[in-house]
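Enquirer: give me the fold of what follows.
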Amino acid sequence: MPTTSATDGLVLETAKKSPFQITVTEKGTLDSMRNASLTSKVEGTTTIISIVPEGTQVKEGDIVCELDASTLIDKETAQEILVVKAKALLLQADEDLAIQKTQNESDQAAAELKRDLAKLDLDKFNKGDFLQLVADIEAEKSLAEGNLTKFQESCIFIRRLVQKGYKNQNDLEAEELNLNDAMFKLKSAQTKLNVLENYTKERTLKELEANVTESGREIDRIKRKGLAALAQFEAEHKSRDLTYDVESKKLDRLKAQIEACKIKATQDGQVVYANTRDGRSSDQVLIEVGGTVRERQPIINLPDLDSMKVNARIHESRISLVRTGLAAKIKVDAYADVTFYGEVDAVASVPSSTSSFNREIKEYEAVIKILDDPEKVNKLRPGLTATIEVLVERRDNILQIPVQAVVTVGAKQFVFVVSGKSVGRKAITIGQTNERMIEIVSGLNEGDQVVMNPRSHFNKEIAELEAEQASLQSKVSEENQSKAVERMQNKSPSSDSPSGSPSAQGGKPATDAPAGQGRPKGAPSEGGRPPFDPVARFKSLDKNGDGKIAKDEADERMLSRFDTMDGDRDGSISQDEWTASMAKFRGGGGQRPPTGDSGGS
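Expert: Residues are numbered from 1 along each chain as shown. The predicted structure is shown next:
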């Protein structure tokens, strides 16, 4: 039913067909596509003692920054002393090792000589000494046998002479003594030969053979002792060599650290300080003389100004729209009258770290490469603020109006249209929307004038519509609840309850029966809570009364499903999106809505 009102004071806009663009607009910062970043290579933290002014043109190899190296120089002096000591110990270990090797060779040679002499002694006894002894005894035996024969014959002859009186008895006795001596010497020679052949030979052979065997074992012992001693000296040498190597590397690292205190340009370029903001706080990290820098911290950037990009962060509600290859327009605050053109070069797959003030916000890094000619681009400087507008979709000849003109009540959308001097309400069907315009599928014609500020002039009528919608939603909720109760009551209790139970006997339902059993139609839900009123709940969440629920207005439970409920991905939930979500979540009659309150407002 049309509402008549004077058109004075109304802000009007004409519905018209024109190209409809869905874009994503974000702020970002300019940077070079090819940045030579000069970082601190000094371990720990150190202090900047000099740095060339920002904006200075430098050549490759120029010293652009010096860091404090005084502590490192002191450490270098102390380390040089340790290196000298380690070198002296290593040289001593070299000599000890060489001496031990020579000693091992000498000991082994002496042992081998002893073994060879033992073998010679054995061979000498078998082939010389034993035969010589046997020959000597045999000669002694032969001499004794000859003397024995001679004295035997002499005694017989003298005995005859004594009998004839030519010799006296004394001569016979003297000759018999000589005979006895010859007999003794013969017996002694025979005994010596027997001892030599049966005892002395065997003993001497065993002794000489044992000497040969023992000398071989001595060689093995000397080898093992030498190897053990050599291994000990080699281990000591290796230990000292490693110590010298470690101390030398420490000295080399200190020298490299001292050299790293002089930061040189790696390419020609213009000096840009790497001033950044700490992601965990609002503190600015400043590059200046006296400033402290940590290892691997960027100090100076040398950008290639012919190839530039914009680093931007896309809110999670819009990230699904952005993909590589999409065209983009870039406006730089410093050159407001110039438009630059580019494309999305990269989109992060995971959200970036956010500020500690609002950890619920998730943003994704995106890189937009500027495609203009170098002559146009090289006037840009890293760090400048830019606004990117990524073109997601473009359709021609689309009927559209500003989003401010649309009023959402429940699942329906309305506009207030000026016809002559009167204003009427029309229901419309909407399509896609961007941040400024909304597509009209039906309900308006091209040229219709719509009111841009309907809530300022038609708040009463809108409130009546919302009340009607709330009443209708309440009735629908009650009907759904009644249907749920009927479904529960239609279940046969006899199949679930044993005979004799209260439910089987027609008595009162158990006090712990499920919600809906034994409850009169239209009664409050379990616990005495009233039926859920989505319209009232929407109003309670819409704290600023703008007709939308922003993320900072949503409660904790609703945040977990915010993106699902935000159908048009504009970062807020309209009343029609809210109603659709409630229908989805409560369509079964038993689910709670995705908010912290299942009751009314």
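Enquirer: and the helices in this protein?
Expert: Taking DSSP state H to define them, one finds helices in the chain at 70-124, 130-164, 169-195, 201-260, 374-377, 454-457, 459-490, 534-541, 556-559, 562-565, 575-586.
Enquirer: against residue 122, how distant is residue 128?
Expert: In this view, residue 128 and residue 122 are 11 Å apart by CB to CB, to the nearest Å. Where C-beta positions appear, they are placed from N, C-alpha and C, glycine not excepted.
Enquirer: re the thing from before, redo the helices of the chain as JSON lines? Include distance to residue 431.
Expert: Formatted as JSON lines, these follow (distance: least, CB to CB, whole Å):
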{"stretch": "helix 70-124", "distance to residue 431": "67"}
{"stretch": "helix 130-164", "distance to residue 431": "128"}
{"stretch": "helix 169-195", "distance to residue 431": "135"}
{"stretch": "helix 201-260", "distance to residue 431": "61"}
{"stretch": "helix 374-377", "distance to residue 431": "37"}
{"stretch": "helix 454-457", "distance to residue 431": "20"}
{"stretch": "helix 459-490", "distance to residue 431": "22"}
{"stretch": "helix 534-541", "distance to residue 431": "23"}
{"stretch": "helix 556-559", "distance to residue 431": "26"}
{"stretch": "helix 562-565", "distance to residue 431": "19"}
{"stretch": "helix 575-586", "distance to residue 431": "13"}
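Enquirer: please name whichever of these is nearest to residue 13.
Expert: Nearest to residue 13, of all those, is helix 454-457, at 11.5 Å by CB to CB.
Enquirer: next, the buried residues of the closest one.
Expert: 454, 457 (16 or more other CB atoms under 10 Å).
Enquirer: about what we covered before: and residue 352, which of the helices of the chain is closest to it?
Expert: Closest of the helices of the chain to residue 352 is helix 562-565, at 17.3 Å (criterion: CB to CB).
Enquirer: contact partners of that closest one?
Expert: With CB atoms under 8 Å, 6 or more residues apart in numbering as the test, helix 562-565 has contacts from 316, 317, 551, 554, 558, 569, 573, 577, 578, 581, 594.
Enquirer: ok, and the closest non-adjacent residue to the residue most central in space within the chain?
Expert: In the chain, the centroid-proximal residue (CA atoms, centre = their mean) is residue 350; its distance is 16.0 Å. Closest residue to residue 350 apart from its sequence neighbours, by CB to CB, 6 or more residues apart in numbering: residue 364 at 7.6 Å.
Enquirer: is the one you found in a bridge, and if so with what?
Expert: residue 314 (DSSP bridges).
Enquirer: burial check on it, number of neighbours?
Expert: 18 (other CB atoms under 10 Å).
Enquirer: can you pull the contacts of it?
Expert: Each residue near residue 364 by CB under 8 Å, 6+ apart is listed here: 313, 314, 316, 319, 347, 348, 349, 350, 351, 352.
Enquirer: and the last one, what is it in contact with?
Expert: Put plainly, it is residue 352. Contacts for residue 352 were tallied using CB under 8 Å, 6+ apart; they are 313, 363, 364, 365.
Enquirer: which stretches of the stretch 301-450 of the chain form strands?
Expert: Listed in chain order, the strands of the stretch 301-450 of the chain (DSSP state E, counting those that start in this stretch) span 308-315, 327-332, 335-347, 363-370, 385-402, 407-409, 412-419, 422-433, 437-442, 449-451.
Enquirer: turn these into TSV, including mean pLDDT and distance to residue 85.
Expert: TSV is the format used below for those (pLDDT from 0 to 100; distance: least, CB to CB, whole Å):
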stretch	mean pLDDT	distance to residue 85
strand 308-315	94	53
strand 327-332	95	62
strand 335-347	95	54
strand 363-370	95	53
strand 385-402	92	59
strand 407-409	89	84
strand 412-419	91	87
strand 422-433	90	78
strand 437-442	93	81
strand 449-451	92	91
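Enquirer: what would the ones you listed look like in TSV with distance to residue 479?
Expert: As requested, the strands of the stretch 301-450 of the chain are exported to TSV (distance: least, CB to CB, whole Å):
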stretch	distance to residue 479
strand 308-315	39
strand 327-332	50
strand 335-347	46
strand 363-370	43
strand 385-402	35
strand 407-409	20
strand 412-419	19
strand 422-433	24
strand 437-442	29
strand 449-451	35
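Enquirer: can you tell me how far the residue nearest to residue 316 when sequence neighbours are not counted sits from residue 351?
Expert: In this structure, residue 316 finds its nearest non-sequential neighbour in residue 362, 4.3 Å apart by CB to CB, 6+ apart. Taking CB to CB as the measure, residue 362 falls 4 Å from residue 351.
Enquirer: just the pLDDT for the nearest residue to residue 126 once chain neighbours are set aside.
Expert: Once flanking residues are discounted, residue 126 sits nearest to residue 205: 7.4 Å by CB to CB, 6+ apart. Note for residue 205: predicted pLDDT of 85.
Enquirer: over to residue 545?
Expert: Here the pLDDT value assigned to residue 545 is 77.
Enquirer: what does residue 530 give?
Expert: For residue 530, pLDDT reads 49.
Enquirer: could you do residue 510 as well?
Expert: On pLDDT, residue 510 comes in at 39.
Enquirer: domain ranges for the protein?
Expert: What automatic domain parsing lists as the domains of the chain is 19-66+271-397, 72-260, 459-492+514-586.
Enquirer: nearest to residue 413, of those domains?
Expert: So among those, domain 459-492+514-586 is nearest, using CB to CB, at 6.4 Å.
Enquirer: coming back round to it: out of the contacts of residue 364, what pair is the most spread apart?
Expert: The distance between the two most remote of the contacts of residue 364 (CB to CB) is 14.1 Å, for 313 and 349.
Enquirer: between the two, who's got more neighbours?
Expert: Legend: neighbour count by other CB under 10 Å for residue 313 and residue 349, higher for residue 313 (19 against 8).
Enquirer: who touches that one in this structure?
Expert: 26, 28, 352, 363, 364, 365, 366.
Enquirer: ranking these by neighbours, who comes first?
Expert: Using other CB under 10 Å as the neighbour criterion, residue 366 leads those with 26 neighbours.
Enquirer: need the contact list for it.
Expert: 26, 311, 312, 313, 314, 322, 344, 346, 347, 348.
Enquirer: by mean pLDDT, point me to the weakest helix or strand of the chain.
Expert: Ranking every helix and strand in the chain by mean pLDDT, DSSP states H and E puts strand 276-277 at the bottom, with a mean of 58.
Enquirer: adding distance to residue 11, write the contacts of residue 313 out as a markdown table.
Expert: As requested, those are exported to a markdown table (distance: CB to CB, whole Å):
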| residue | distance to residue 11 |
| --- | --- |
| 26 | 28 |
| 28 | 32 |
| 352 | 39 |
| 363 | 34 |
| 364 | 36 |
| 365 | 39 |
| 366 | 35 |
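Enquirer: list the buried ones in stretch 91-107?
Expert: 93, 96, 97, 100, 104, 107.
Enquirer: identify the farthest-apart pair in these.
Expert: The most widely separated members of those, counting by CB to CB, are 93 and 107 (20.9 Å).
Enquirer: nearest to residue 469, of the strands of the stretch 301-450 of the chain?
Expert: Nearest of the strands of the stretch 301-450 of the chain to residue 469, taken as CB to CB: strand 407-409 at 5.2 Å.
Enquirer: helices or strands up against the closest one?
Expert: strand 412-419, helix 459-490, helix 575-586 (3 or more CB pairs under 8 Å, 6 or more residues apart in numbering; DSSP states H and E).
Enquirer: of all those, which one is nearest residue 189?
Expert: That would be helix 575-586 among the helices and strands packed on strand 407-409, by CB to CB, at 134.0 Å.
Enquirer: now the closest one: mean pLDDT?
Expert: Mean per-residue pLDDT for helix 575-586: 67.
Enquirer: if we can go back for a sec, let's have the contacts of helix 562-565 in a markdown table, adding neighbour count and distance to residue 220.
Expert: As requested, the contacts of helix 562-565 are arranged in a markdown table below (neighbours: other CB atoms under 10 Å; distance: CB to CB, whole Å):
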| residue | neighbour count | distance to residue 220 |
| --- | --- | --- |
| 316 | 17 | 80 |
| 317 | 18 | 86 |
| 551 | 19 | 87 |
| 554 | 21 | 89 |
| 558 | 22 | 88 |
| 569 | 16 | 88 |
| 573 | 25 | 93 |
| 577 | 21 | 95 |
| 578 | 25 | 96 |
| 581 | 21 | 92 |
| 594 | 20 | 88 |
